[in-house]
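Novice: the following block contains a protein sequence and its predicted model.
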Amino acid sequence: MSLQAFLSRRVVTPEGIRPAAILVEGERIKAVLPPDQVPTDGCKIHNFGEAAILPGLVDSHVHINDPGRADWEGFATATQAAAAGGYTLLVDMPLNCLPATTTVAALEAKRAAAYGRCRVDWAAWGGVVHDNQSDIEPLAAAGVPGFKCFLINPGIDGFTMVTEPQLRSALPHVARTGLPLLVHAELAEPVDRATDALVDADWSHYSTYLRSRPDEAELAAIRLMLSLCREYGFRLHIVHLSTSQALQELRAARFEGLALTVETCPHYLHLSAETIADGATLNKCAPPIRGRENCERLWQGLKDGTIDMVVTDHSPCPPAMKRLTEGNFRTAWGGIASLSVALPLMWTEASRRGFTLLDLARWMAAAPARLAGCDSRKSRIAAGYDADFVVFDSERELIVTEDSLHYRHRVSPYLGETLRGVVEATYLRGSPVFAEGKFPGEPGGREYSGNIRRSTA
Ligand SMILES: [Zn+2]
């Protein structure tokens, strides 16, 4: 089997950042060695010098929209953007695609759509909707790593929200699988009430949109989910936390011992409401980007471990749906695509707050891999793991242009920004999938499934 060694002065290993050589045999890491112990016989050497080598990033929150809405994104373009961004595994959300991933047949349709088209590895969350309680355990047996539900209308045909009674009939099934339930935590009632009061407001102002999705909607949803978690004993994961007002209760729930994890996204950590211009609907997402102080408190939540991970919530759409000409925050599609620039975005913000690449590896690889049940093979530079890496020049500047985006529709709120750090190359199971701005070879990404953990209860 072919032997390769990847050298750098700064290899991000679970034990720390150090000079090392990663010895790779075939698709797996064989050993992590001091640089002077690389075998000289028949070993291909790649020396990256001062550029850091991090584990391949894992994004457990991506909307690939395929099959059914591949004109919005699709496996080929999403995984290409992922490779350019340093990601080696994506977990697809069960909505936006048609059929939505709420039955085993729909999961099979997704497998067919992905076949032969992915540049990085992937997996698919199953959906929990109003009427698919009997599909939950079969989906787990078919290989989904967990489930996603909405407590508010997701605003897209083909996927329904769940009410509390519907959730209560689904939760015993979810608990039996031992897999996590990912929850879009906003309740409809506070959002509807706030939105109704704003019918005559000027929706070209970002502040109008922000007022329509109050902190209270997130808080109430999180409280409901924590109490259900206590009652049913399932693994709860809060997706895209935006309000810092929930941090204290989330911290207390953890302290109490609930099986709880929390994510936030680069846009909540980089953008703030005060600087979003009128009509700048590229910044619309739900829950919304809130104020600057809130943003700093989210960083505190990452620091103290209340927030476990940072994932993109990459959610593109055809540009026309962003209503860029009329700039209407009410009618524009909500969602921000960032797979290809998330690492530089995060490094720009994290490095100026004193965090290191080790923190980024924890937030953007190890924790999402654990959530998706692939942490025995992915997200670590250690013997036995898949040889997935990103080579990251953390000192170079990146100016975000359309050419740096790589997904289907090259619109972004980040265009023109100068960020810190450039992804130089990405390796998937020992082979380059992104290097020098290009995507070498044929798409070789595979589905990661079957690492199903069953509840012992
Ligand atoms: Zn999402």
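Specialist: Everything's here; your move.
Novice: same for the longest helix along the chain, what does it pack against?
Specialist: As assigned by DSSP state H, the longest helix anywhere in the chain is helix 215-232. Counting contacts by 3 or more C-beta pairs under 8 Å, 6 or more residues apart in numbering; DSSP states H and E, helix 215-232 is packed against helix 164-177, helix 188-196, strand 235-238, helix 247-256. C-beta here means a position set from N, CA and C on the backbone, and glycine is covered the same way.
Novice: reformat those as JSON lines; add distance to Lys284 and mean pLDDT.
Specialist: Compiled in JSON lines, these are given as follows (distance: least, C-beta to C-beta, whole Å; pLDDT from 0 to 100):
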{"stretch": "helix 164-177", "distance to Lys284": "27", "mean pLDDT": "98"}
{"stretch": "helix 188-196", "distance to Lys284": "14", "mean pLDDT": "96"}
{"stretch": "strand 235-238", "distance to Lys284": "21", "mean pLDDT": "98"}
{"stretch": "helix 247-256", "distance to Lys284": "24", "mean pLDDT": "98"}
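Novice: okay if I get these as a markdown table plus distance to His205 and mean neighbour count?
Specialist: Formatted as a markdown table, these follow (distance: least, C-beta to C-beta, whole Å; neighbours: other C-beta atoms under 10 Å):
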| stretch | distance to His205 | mean neighbour count |
| --- | --- | --- |
| helix 164-177 | 33 | 18 |
| helix 188-196 | 14 | 15 |
| strand 235-238 | 28 | 24 |
| helix 247-256 | 28 | 15 |
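Novice: for Lys438, find the nearest of those.
Specialist: Lys438 lies closest, by C-beta to C-beta, to one member of the helices and strands packed on helix 215-232: strand 235-238, at 35.4 Å.
Novice: for that closest one, the distance to its chain's centre please.
Specialist: 14 Å (C-alpha atoms, centre = their mean, to the nearest Å).
Novice: over to stretch 332-349?
Specialist: Computed by C-alpha atoms, centre = their mean, the chain-centroid distance of stretch 332-349 equals 10 Å.
Novice: from the contact counts, what lies against the helix or strand harbouring Ala31?
Specialist: Using DSSP states H and E, Ala31 maps to strand 28-33. Under the contact criterion of 3+ C-beta pairs under 8 Å, 6+ apart, strand 28-33 touches strand 3-13, strand 16-25.
Novice: out of the helices and strands packed on helix 215-232, flag the one nearest Leu54.
Specialist: The closest of these to Leu54 is strand 235-238. By C-beta to C-beta, the value is 23.2 Å.
Novice: and the contacts of the closest one?
Specialist: By C-beta atoms under 8 Å, 6 or more residues apart in numbering, the list of residues contacting strand 235-238 from outside reads 146, 178-183, 185, 222, 225-226, 228-229, 246, 250, 258-263, 371.
Novice: among these, name the buried ones.
Specialist: With neighbours counted by 16 or more other C-beta atoms under 10 Å, the contacts of strand 235-238 contain buried members at 146, 178-183, 185, 222, 225-226, 228-229, 246, 250, 258, 260-263, 371.
Novice: residues in contact with whichever helix or strand comes after the strand holding Ala31?
Specialist: Later in the chain than strand 28-33, the nearest helix or strand by DSSP H and E is strand 43-47. For strand 43-47, the surrounding residues in contact (C-beta under 8 Å, 6+ apart) are Ser2, Leu3, Gln4, Ala5, Phe6, Leu7, Ser8, Leu23, Val38.
Novice: what's the burial count for the nearest residue to the second one once chain neighbours are set aside?
Specialist: Okay, so that is Leu3. Excluding the flanking residues, the one nearest Leu3 by C-beta to C-beta, 6 or more residues apart in numbering is Cys43, at 4.5 Å. Cys43 has 15 neighbours, counted by other C-beta atoms under 10 Å.
Novice: same deal with Ile156?
Specialist: 18.
Novice: hmm, it is touching Asn96, no?
Specialist: Yes. Here Ile156 reaches Asn96: they are 6.1 Å apart, a contact under C-beta atoms under 8 Å.
Novice: count the neighbours of Ser227 for me.
Specialist: Ser227, neighbours per other C-beta under 10 Å, totals 11.
Novice: can you start the count at 7 instead of 1 from here on
Specialist: In the new count, where the first residue is 7, that last one comes out as Ser233.
Novice: any weak-confidence spans in this structure?
Specialist: 456-463 (pLDDT under 70).
Novice: looking at the contacts of strand 49-53, which is nearest Val429?
Specialist: So of the contacts of strand 49-53, ranked by how close each gets to Val429 (C-beta to C-beta), first place is Ser14, at 14.1 Å.
Novice: contacts only, for the closest one.
Specialist: Ser14 neighbours (C-beta under 8 Å, 6+ apart): Pro25, Ala26, Asn53, Phe54, Gly55, Glu56, Ala57, Ala58, Ile59, Val397.
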